[in-house]
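**Q** What follows is a predicted structure for the sequence shown.
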Amino acid sequence: MMELQTLTEPTVLETTMKHLMRPTLTKVLKVQQGIIRATHDFMFKKGLTQLMPLMLSPITDPLNQGVVDASIGYADQRWSLTKSMIFHKQLALVNPELDSLYIVSPNVRLEFADRADTGRHLFEFTQVDFEFRGKDRFFVMEFMEELVNFIFARLNQELPEILLELRGELLPQYEKWPVYRTEKLEAALGPDYEKLKSEEAEEPFWLINHKREFYDKEDPAKRGTYLNYDIIWPEGFGEGLSGAEREHDYKQILKRMEELGTDTDTFRHYLAVARAGLLPKTAGGGFGVERMTRFICRLQDVDEATVFSRKPCTPAIF
């Protein structure tokens, strides 16, 4: 690769070419392709309707952690690059003929430099989002557990040699997953509770009751309890899915927005739909495709699941 020295930014270019030419890339991509193919088959079997993703919208997930806002001016307004399609999932289910949906959605979250070396973060990634009208968290958690086992069984069937090479064994089938409450784990393990519990765990587990975005439903029978859930991959691989029952009551949405300091003007049209009582009761979630690939292949960094490096705050030329 000495000829690259004559080009601009040789260090970045050499690093990029090394990333592109690593010998395990094709095998990792075959696993990732297998995840998506199995997901499509499962969703079709379960009767979910596929929506095409949106990359630009006047509204997108505000997130509770800081990221650089990625937006452009177009048609006399501001359009944001999609951080997630959470609001569009809710709004699509306003249609009375649609009761469940999924999206293979590219997401852009321009993370700050403190997340560059976590091994879990990309500034651009793909999420499989799904949502159900009239369902609750228990339904969604069972649905996702079944989906994981379906994907893993399919990969064992189709790619056994690759799995044995990359992870050293075939993928397991999991029974009912453990469930832990955020505040109890934090009290027992301290502020790094998620990381520590993931490192000691031998199977995926659910982590419930996080105080985060305004659209995650607060339990009306127990204020301060939130009806949300994350999947935490074992062996130190960390969060793999985030989901919740959704707030759909107008007054409760306003209350949660006020608590979190969310700009209501940005969401004025969404709020108008809620005020009219048109937002349905829904529950859903989304799992990161690259993060699942990382866990399955036992990759050191989620960036190893990408063709073109997307580590936060890292220079790129492609």
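**A** Great, that's in hand. Numbers count the residues shown, from 1 in each chain.

**Q** In the stretch 51-200 of the chain, mark out all the helices, start to finish.
**A** Assigned by DSSP state H, counting those that start in this stretch, the helices in the stretch 51-200 of the chain fall at 86-92, 137-158, 160-167, 182-189, 193-200.

**Q** from what I can see Gly168 touches Cys297, true?
**A** No. With contacts counted by Cβ atoms under 8 Å, Gly168 stays clear of Cys297, the gap being 10.5 Å. The C-beta positions use only the backbone N, C-alpha and C, and glycine is treated the same way.

**Q** Which one's more surrounded, those two?
**A** Between Gly168 and Cys297, counting by other Cβ atoms under 10 Å, Cys297 is the more crowded of the two (19 against 8).

**Q** so what pLDDT did that one get?
**A** At Cys297, the pLDDT value in this model is 98.

**Q** Would you agree it is in contact with Leu166?
**A** Yes. Between Cys297 and Leu166 there is a contact under Cβ under 8 Å: 4.4 Å.

**Q** Overlap in contacts, the two.
**A** Lys27, Val28, Val31 (Cβ atoms under 8 Å, 6 or more residues apart in numbering).

**Q** Make JSON lines from the residues you listed and add neighbour count, secondary structure and pLDDT to it.
**A** Compiled in JSON lines, those are given as follows (neighbours: other Cβ atoms under 10 Å; DSSP: H, G, I helix; E, B strand; the rest coil; pLDDT from 0 to 100):
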{"residue": "Lys27", "neighbour count": "16", "secondary structure": "helix", "pLDDT": "98"}
{"residue": "Val28", "neighbour count": "22", "secondary structure": "helix", "pLDDT": "98"}
{"residue": "Val31", "neighbour count": "22", "secondary structure": "helix", "pLDDT": "98"}
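
**Q** which of the helices of the stretch 51-200 of the chain is buried the deepest?
**A** Highest mean neighbour count of these: helix 86-92, a mean of 21 (counted as mean count of other Cβ atoms under 10 Å).
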